[in-house]
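*Asks:* Next comes the sequence, and after it the predicted model I'd like to discuss.
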Amino acid sequence: MRYEPPMTKNRTSRPGAPKRPGRPASPDSGPGHREPRRPGRRDGAEAERAEHRAPSRRPEPAERVRAAPEEAERPRLSTDELGREGRRDRPAVEWPEGARPAFRAPVILTVEPGADYALLDSGDGEKLERYGPLTIRRPENQAIWPRRTDAADWDGADAIFTGDTDEEGTGRWRFPREALGETWPMRQDGLAYLGRFTSFRHVGVFPEQAVHWRFMTDLIEGAGRPVRVLNLFGYTGLASLLAARAGGEVTHVDASKRAIGWARENAEIAGVADKPIRWICEDAVRYAEREVKRGATYDIILLDPPKFGRGPKGEVWQIFEDLPYLLMLMRKLLSAHPLALVLTAYSIRSSFYSLSALMGEQCRGLGGAIESGELVIREAGEDARLLSTSLFSRWVSA
């Protein structure tokens, strides 16, 4: 479900840029004088994490050396300004009229430990999980409390992620017990798929979404009619596969060709490749715009957008700027008898009340209710704590 920056577009670059060749030095510069480097420019999520190192050589005292005149430095762009580079203009957001749906908040949806997945422990900025037969240790910025279990439990994990602790930071996996391949067999509510180690610390599935998946499959199975499902930002496809198995007609959209390939592979493994699933590799907003023009409609829509992302043709996505427009498109894509519109937001500085207010405005006149809150995972064992992973807001018809 979640967007993962394409591996081929990891825009990590060294801070600083080399001095321009042929630029004359000041005649007053002393021997060995070195001009400071200009800060390098990074784009996308990397701009948030860029650090600028000072020149390694200490400058000469001012009374001995006069610095060469410098060109006016271009102001450093903020993350929002970087996000606006290359983006296309959006039409104005249209806000429906009518009464807002009823509100239910806060709603805390909890994933309990089970055979498919369990959060074994968390704390000190990490989490220890069990995915099927494997125990996995990786960073978790929300875990600001101490660990409960012994260090031996953590050190004995089958896979340990080392590297950048930022949510979209890159790193590598270490396998203390035995070398493991990129994938391993997993199951979700009886559906087979592949877990997958990626360089962005993700493992091909977001277990907190299981509560939404069960909610969705219950709606499909209880509808008594064909149900069309749109899964935007579909990632490796678990929601799409579960919806198809339940009898839904699914359209799966993701901007990453690699993620689409993984999802199709999972469909083969799960035995649902013959089900009605359309695989679309495209920018989510562009696809939604075209579907609106075509008059397409869906009964259930799932949205799990990233904080920042780029489409296959360089389209820029910024959640705070683009989400209102995308939700407007989603409202237009709802069928005459819709069942649900589910929005999940991950790793953003916001509140579920903000998402709830936005959903309420776009769902005016629909009736039903808006449920908003957090997705949390309960630790296994006694005296268990809850790890909050995502915010959500969903419109439900009843």
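*Replies:* Sure, I can see it.
*Asks:* make it CA atoms for all contacts and neighbour counts henceforth
*Replies:* Will do.
*Asks:* wait, what's in contact with the residue lying closest to Tyr131 once chain neighbours are set aside?
*Replies:* The shortest distance from Tyr131 to any non-neighbouring residue, by Cα to Cα, 6 or more residues apart in numbering, is to Tyr117 (4.9 Å). Taking Cα atoms under 8 Å, 6 or more residues apart in numbering as the contact definition, Tyr117 lies against 129-132, 207.
*Asks:* Kindly report the same for Val93.
*Replies:* Val93 makes contacts with 324-325, 328, as judged by Cα under 8 Å, 6+ apart.
*Asks:* switch to 10 Å and redo it
*Replies:* Val93 is in contact with 322, 324-329, 362, counting by Cα atoms under 10 Å, 6 or more residues apart in numbering.
*Asks:* so of the residues you listed, which ones are in helices?
*Replies:* Members of the contacts of Val93 lying in helices (criterion: DSSP state H): 322, 324-329, 362.
*Asks:* which of the residues you listed tops the neighbour count?
*Replies:* Highest neighbour count within the ones in helices among the contacts of Val93: Gln362, with 25 neighbours (other Cα atoms under 10 Å).
*Asks:* Just the pLDDT at that one, thanks.
*Replies:* Listed pLDDT for Gln362 reads 98.
*Asks:* circling back to that earlier point, please narrow the contacts of Tyr117 to those residing in strands.
*Replies:* In strands, defined here by DSSP state E, the members of those are 129-131.
*Asks:* Out of the contacts of Tyr117, which is nearest to Leu366?
*Replies:* Nearest to Leu366 among those: Pro207, at 30.2 Å, using Cα to Cα.
*Asks:* quick one: low-confidence ranges for the stretch 151-300 of the chain?
*Replies:* Residue ranges of the stretch 151-300 of the chain with pLDDT under 70: 164-170.
*Asks:* let's go with 80 and repeat that
*Replies:* Residues of the stretch 151-300 of the chain meeting the criterion pLDDT under 80: 163-171.
*Asks:* again, but for the stretch 1-150 of the chain
*Replies:* The stretch 1-150 of the chain contains residues with pLDDT under 80 at 1-89.
*Asks:* at 90 what do you get?
*Replies:* The stretch 1-150 of the chain contains residues with pLDDT under 90 at 1-91.
*Asks:* can you give me the helices for this protein?
*Replies:* Going by DSSP H, the chain shows helices at 46-49, 79-84, 151-155, 210-222, 238-245, 257-270, 284-294, 319-333, 352-362.
*Asks:* So which bits of stretch 291-309 are buried?
*Replies:* Residues 291-292, 297-309 are the ones in stretch 291-309 that count as buried (16 or more other Cα atoms under 10 Å).
*Asks:* Quick check: the farthest pair among the contacts of Tyr117?
*Replies:* Spatial extent of the contacts of Tyr117 (Cα to Cα) is set by the pair Gly132 and Pro207 at 11.8 Å.
*Asks:* The two: which is more packed in?
*Replies:* Neighbour totals were compared for Gly132 and Pro207, and Pro207 leads with 20 against 17 (other Cα under 10 Å).
*Asks:* Now do the same contact list for the more buried one.
*Replies:* Neighbouring residues of Pro207 by Cα under 10 Å, 6+ apart: 111, 116-119, 131, 188, 213, 375-377, 389.
*Asks:* which one of those sits closest to Asp158?
*Replies:* Using Cα to Cα, these come closest to Asp158 at Tyr131, 10.5 Å.
*Asks:* That closest one and Tyr193 touch, don't they?
*Replies:* No: with contact defined as Cα atoms under 10 Å, Tyr131 does not reach Tyr193; the gap is 11.7 Å.
*Asks:* if we can go back for a sec, mind putting the helices of the chain into a markdown table with distance to Ala102?
*Replies:* Output for these, formatted as a markdown table (distance: least, Cα to Cα, whole Å):
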| stretch | distance to Ala102 |
| --- | --- |
| helix 46-49 | 38 |
| helix 79-84 | 34 |
| helix 151-155 | 45 |
| helix 210-222 | 19 |
| helix 238-245 | 27 |
| helix 257-270 | 36 |
| helix 284-294 | 27 |
| helix 319-333 | 17 |
| helix 352-362 | 9 |
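*Asks:* Could you identify which of those helices is most buried?
*Replies:* helix 238-245 (a mean of 26; mean count of other Cα atoms under 10 Å).
*Asks:* still on that earlier bit, quick one: which of the contacts of Val93 is nearest Glu94?
*Replies:* Distance to Glu94, by Cα to Cα, is smallest for Met328 among the contacts of Val93, at 6.6 Å.
*Asks:* list the contacts for the residue lying closest to Thr344 once chain neighbours are set aside?
*Replies:* Take Thr344 and drop its neighbours on the chain: the residue closest to it by Cα to Cα, 6+ apart is Phe392, 4.3 Å away. If a contact means Cα under 10 Å, 6+ apart, then Phe392 has 107-109, 212, 303-304, 342-346, 351-353, 355-356, 371-375 as its contacts.
*Asks:* OK, contacts around the nearest residue to Ser397 once chain neighbours are set aside?
*Replies:* In space, and not counting its chain neighbours, Ser397 is closest to Gly368: 4.3 Å by Cα to Cα, 6+ apart. Shown in contact with Gly368 (Cα under 10 Å, 6+ apart): 100-103, 339-340, 395-398.
*Asks:* What about those, which are in strands?
*Replies:* Under the assignment DSSP E, the contacts of Gly368 contribute 102-103, 340, 395-396 to strands.
*Asks:* List buried residues within the residues you listed.
*Replies:* In the ones in strands among the contacts of Gly368, burial by neighbour count holds for 340, 395-396, counting by 16+ other Cα under 10 Å.
*Asks:* As JSON lines, the residues you listed with pLDDT and distance to Arg385 would be great.
*Replies:* Converted to JSON lines, these look like this (pLDDT from 0 to 100; distance: Cα to Cα, whole Å):
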{"residue": "Ala340", "pLDDT": "99", "distance to Arg385": "30"}
{"residue": "Trp395", "pLDDT": "99", "distance to Arg385": "28"}
{"residue": "Val396", "pLDDT": "98", "distance to Arg385": "29"}
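*Asks:* Thank you kindly, that will do.
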